[in-house]
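# what's the 3D shape of this:
(4 chains)
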2 protein chains.
Amino acid sequence: MRTRNASRTRDELLVAASELFAERGFDGTTTRDIGERAGADPALIARYFGSKAALYLATLHTDDAPRDLLDPERLADLLSRIGNQGPGPVLRAAVQRHDDEAIQGAAQTALDERLVAPLRARLAAAGIDRPALRAELAVAAFTGIALGRAAGALPALRDAPEDDVLALTAELLAAISPRTT
Amino acid sequence: MRTRNASRTRDELLVAASELFAERGFDGTTTRDIGERAGADPALIARYFGSKAALYLATLHTDDAPRDLLDPERLADLLSRIGNQGPGPVLRAAVQRHDDEAIQGAAQTALDERLVAPLRARLAAAGIDRPALRAELAVAAFTGIALGRAAGALPALRDAPEDDVLALTAELLAAISPRTT
DNA sequence: GACGGATGTCATCATTTGAAGACATCCGTT
DNA sequence: AACGGATGTCTTCAAATGATGACATCCGTC
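Presented below is the predicted three-dimensional model:
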C-alpha cells in the first residue's frame, strides 16, 4: 500500500496535474492519467481538491513570479522552462476557451497577473499608447511561439536551438514598442 | 424527412465540421454537434467520410489559397476572415498536438502549405538567413494572436477594433525580417 | 408501376470518463 | 491495546461519445 502522507500525496497530484494539463490541456487530461502519474488513486483528487476542475484551478497558482516578456533574461528563463517542462496551464489558457465559466475566468485572471500585467505596466510607464492591447498582443504572440514549439506541427521551430528561438522571439517582441524614429 | 441530396448533405457536414473544429478543436467537437449544426444525422458522417477523424482531414483542405503573412492585404483578409468565422482547423493545428499520427501529420502538412511555405519562400528570396525558422516563428506568433483574440482570455485583444489589431500585428510580423541597418 | 440502390432515421453497443461511496488499513490519542 | 479519524483502494454508476447495423423511405431505371 502507498505510504500514508496526505500532504505529499496532495502535492504529487498537483504536480502531475500541472504537467498533464500543460501537455494535453484540461479536456485532454483524465483524472486517471493524473492519478497514474502521481502514483495515487484518482479518487483522492476528489478528496483533496473536490473535483478535476478545482484541481485545475489549483494548478493555475503553481507558476512562479510574474514575468515581463521584454526583459531578455526573463524571456530566456521562460523559454527555457517551457522547453524543459512544456508550457504551463496558464499559457495554454491564452488560446483555449473553456466552457466552464469559473475555469475561464480563473485562467484569464492568472494569465493577466503572470504575464500581461507586468508588460502592460512597463509599456504604460514608457508612455506608449494602447499599453493594454500591446501587452496582450505580445503575450499572445509569445504564446503562439511557445505552444507551436511544443506542439511540433512547426518542425523548424520545434528543432531550432533554444538560443536561436530566443533571439528571434526577442526581436519580434521588441517590435511591440513603437520604433524610435 | 430531410431532403435527399447526398452531395449537399456531405457539404453541409463538411462546413459544420469545419466551423466546429475551428471553434472547439477536434476533441472538443462531437459528431452529434456536427450533425446538429448541419441538420443531418451524425451517422451520415460515417457514411460519407468514414469516421470523425477522416472528416477532420477533409476539413483541412477547405481553406482557401496559401497566404503570405507579410503582405498587408493578405494579413487583413486573414484577420477579417478569422474575426468572422473563427480560426480555421489549420491554424488551430499549429498549437495543438494530436495523438493520432495521421491527423498530426496531415495538419502539419496543411499548415505548411497554407501559411508557412509562402512566407518561407519570400524570406528565402530576400536572402534572409534561417528563412524556415523565421517563417514558422511568424506563423506561430500570428496563430497566438488569432487564437488569443478568438479565445477571449485576453480582453483587450478580444475587444480591440480589427484595424488596431491589424496594424500592430503587421508591425510585429515585420520584425521577423532583420532590420535594415 | 415494380424493382433496387441510394439516402436518411433510429436504436443500440462498447468505451471512456468524472464522480461517489463502500470498504480496508494505518496511525495518533487516550 | 482500544478507539476513531485519516488515508488509501476498489467497485460501481451515469453520462457522453464514436461507431455500427437494422430499418424506412425515396428516386431513378426498366
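# what is the burial count for the closest residue to A:D68 other than its chain neighbours?
Distances taken as C-beta to C-beta, 6 or more residues apart in numbering or on different chains place A:P118 nearest to A:D68, at 4.0 Å, with adjacent residues excluded. C-beta: built from backbone N, CA, C; applies to glycine. Using other C-beta atoms under 10 Å in any protein chain shown, A:P118 has 21 neighbouring residues.
# pLDDT at A:P118, what is it?
Predicted confidence (pLDDT) for A:P118: 95.
# residue contacts, it?
The contact partners of A:P118, by C-beta atoms under 8 Å, 6 or more residues apart in numbering or on different chains, come to A:P66, A:R67, A:D68, A:L69.
# one more time with 7 Å
The contact partners of A:P118, by C-beta atoms under 7 Å, 6 or more residues apart in numbering or on different chains, come to A:P66, A:R67, A:D68.
# just checking, what packs against the helix or strand of chain A with the lowest mean pLDDT?
Each helix and strand of chain A was given a mean pLDDT (mean pLDDT, DSSP states H and E); the minimum falls on helix A:89-93 at a mean of 88. Under the contact definition 3 or more C-beta pairs under 7 Å, 6 or more residues apart in numbering or on different chains; DSSP states H and E, helix A:89-93 sits against helix A:6-24, helix A:101-111, helix A:131-151.
# pick out the residue of chain A closest to chain B.
Proximity of chain A to chain B (C-beta to the nearest C-beta) peaks at A:G144, 2.3 Å away.
# what residues are up against that residue?
Here A:G144 is in contact with B:V95, B:A140, B:A141, B:F142, B:T143, B:G144, B:I145 (C-beta under 7 Å, 6+ apart).
# export those residues to JSON lines and tack on pLDDT?
What follows is the contacts of A:G144, written out as JSON lines (pLDDT from 0 to 100):
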{"residue": "B:V95", "pLDDT": "90"}
{"residue": "B:A140", "pLDDT": "97"}
{"residue": "B:A141", "pLDDT": "98"}
{"residue": "B:F142", "pLDDT": "97"}
{"residue": "B:T143", "pLDDT": "96"}
{"residue": "B:G144", "pLDDT": "97"}
{"residue": "B:I145", "pLDDT": "97"}
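# of the residues you listed, which is the nearest to A:P155?
Nearest to A:P155 among the contacts of A:G144: B:A140, at 11.8 Å, using C-beta to C-beta.
# list the contacts of the closest residue to that closest one other than its chain neighbours.
The shortest distance from B:A140 to any non-neighbouring residue, by C-beta to C-beta, 6+ apart, is to A:G148 (3.4 Å). Shown in contact with A:G148 (C-beta under 7 Å, 6+ apart): A:L154, A:L157, B:A94, B:V95, B:A140, B:T143.
# mind running it again at 6 Å?
By C-beta atoms under 6 Å, 6 or more residues apart in numbering or on different chains, the contact set of A:G148 is A:L154, A:L157, B:A94, B:V95, B:A140.
# any idea which element the residue nearest to A:D68 lies in?
For A:P118, the host element (DSSP states H and E) is helix A:117-125.
# for that helix, buried residues please.
Buried residues in helix A:117-125, counting neighbours by 16 or more other C-beta atoms under 10 Å in any protein chain shown, are found at A:A117, A:P118, A:L119, A:R120, A:R122, A:L123.
# and the second one, how close does it get to A:A110?
Separation of A:P118 from A:A110 (C-beta to C-beta, to the nearest Å): 13 Å.
# what residues does chain A put near DNA strand D?
A:1-6, A:8-9, A:40-41, A:43-44, A:47 (C-beta under 7 Å from any atom of the strand).
# buried only: go through these for me.
Among the residues of chain A next to DNA strand D, those buried by neighbour count (16+ other C-beta under 10 Å) are A:T9, A:A40, A:D41, A:L44.
# now do the same contact list for A:G105.
Applying C-beta under 6 Å, 6+ apart, no residues contact A:G105.
# distance of it from DNA strand C?
17 Å (C-beta to the nearest atom of the strand, to the nearest Å).
# and that residue, what's its pLDDT?
For A:G105, the predicted pLDDT is 91.
# same question for A:T180.
56.
# again, but for A:A46
97.
# now for the helix or strand containing it, which elements pack on it?
A:A46 belongs to helix A:43-49 when assigned by DSSP H and E. Counting contacts by 3 or more C-beta pairs under 6 Å, 6 or more residues apart in numbering or on different chains; DSSP states H and E, helix A:43-49 is packed against helix A:52-59.
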